[in-house]
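# need the 3D shape of this:
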Amino acid sequence: MLQTDWIALLITFLGTMFLIGELLVNMRGVFAVLGLGFITVFFSSYLAVDMFIIMMFVYFLGLTLMIIDGKLINDGTLATIGAAAMITAVGFSAPNWTAGLYSVIGVIAGGFSALIFLKVFKRRNMWNKMALNDQMTSEMGYNSMNESYQKLLGKTGSAQTDMRPSGTIEVDGEDYSAVSNGQWIYKGEPVTVASVDGTKIMVKKVQN
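All right, here's what the predicted structure looks like:
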């Protein structure tokens, strides 16, 4: 068992930071090994073998859900569930509430601190695509695209998919990707284009 409770904060902080860091930047598995090592030390210090396996599974299930959300769904739902699973795993593994609180703080702080790696190391390609980091030049047709999107401002259409908050809308017979202004909009409901920023379209539900 770890000698003092505050060490749990340090170990969960480093473990989570390196594991999420490995997802964000291309470190060829170095961060993954470091993160796995720290997390293994944390769980093995407090748990018997059977509970060690269960809590490790819950922790990495949470990490997996965050990956799925970021790569495929991108609406934050699975990411939130995943973060809650990681926090639950470390919190319930601690022998007392003090160590549990330190552990939870370590996971949260480690997750946010991993973003620092984006400033230093090469970003993974899958995140580059999601973040739309391609340079928007006139040669690639973005200028004309932006102009056509600006013409949508104030127009009314309908949701082609459920928007939670992102989805697809139809305006003047054309489909566009859009996001709602924080509302959940269901398929078939009328929407109006509230704002256009480049190629990002924000819509709001038409109130009857």
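
# which of the three states applies to L153?
coil (DSSP: H, G, I helix; E, B strand; the rest coil).

# and this structure, split by domain according to the record?
As assigned by automatic domain parsing, the chain contains the domains 6-130, 139-205.

# now the last one: mean pLDDT?
Same thing as domain 139-205. For domain 139-205, the mean per-residue pLDDT is 83.

# cool, and the first one?
This predicted structure assigns domain 6-130 an average pLDDT of 87.

# re the thing from before, okay, the domains of the chain, which one's buried deepest?
Counting by mean count of other Cβ atoms under 10 Å, domain 6-130 has the highest mean neighbour count of those, with a mean of 18. For the C-beta atoms, the positions are set from N, CA and C on the backbone; glycine is no exception.

# for R164, see how far away V203 is.
For V203, the distance to R164 equals 13 Å [Cβ to Cβ, to the nearest Å].

# for the protein, what spans make up the strands?
Along the chain, counting by DSSP state E, strands occupy 156-159, 166-171, 174-180, 190-197, 200-205.

# what angle do the last one and strand 174-180 make?
Direction vectors for strand 200-205 and strand 174-180, defined by axes from the mean of the first three to the mean of the last three Cα atoms, to 10 degrees, enclose an angle of 80 degrees.

# neighbouring strands of strand 200-205 in the sheet, and parallel or not?
Note on strand 200-205: by DSSP bridges, its sheet partners are strand 174-180 (parallel), strand 190-197 (antiparallel).

# with the shortest one instead?
Applying DSSP bridges, strand 156-159 is found paired with strand 166-171 (antiparallel), strand 190-197 (antiparallel).

# now stretch 85-102 - C-alpha only, CSV.
The C-alpha trace of stretch 85-102 is given here as CSV (Å, rounded to 0.1, in the frame of the first residue of the first chain):
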residue,chain,number,x,y,z
ALA,A,85,-15.8,5.5,-15.4
MET,A,86,-12.1,6.4,-14.9
ILE,A,87,-12.9,8.6,-11.9
THR,A,88,-15.1,5.9,-10.4
ALA,A,89,-12.4,3.2,-10.8
VAL,A,90,-9.7,5.2,-8.9
GLY,A,91,-12.1,6.6,-6.4
PHE,A,92,-13.5,3.3,-5.3
SER,A,93,-10.1,1.6,-5.3
ALA,A,94,-8.7,3.9,-2.6
PRO,A,95,-8.7,2.7,1.0
ASN,A,96,-10.2,5.9,2.4
TRP,A,97,-12.0,9.0,1.3
THR,A,98,-8.8,11.2,1.5
ALA,A,99,-6.9,8.9,-0.9
GLY,A,100,-10.0,8.6,-3.0
LEU,A,101,-10.3,12.4,-3.3
TYR,A,102,-6.6,12.7,-4.2
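
# residues making contact with it?
1-2, 5-6, 8-9, 12, 16, 42-43, 46-47, 51, 55-56, 58-59, 61-63, 65, 103-104, 106-108 (Cβ atoms under 8 Å, 6 or more residues apart in numbering).
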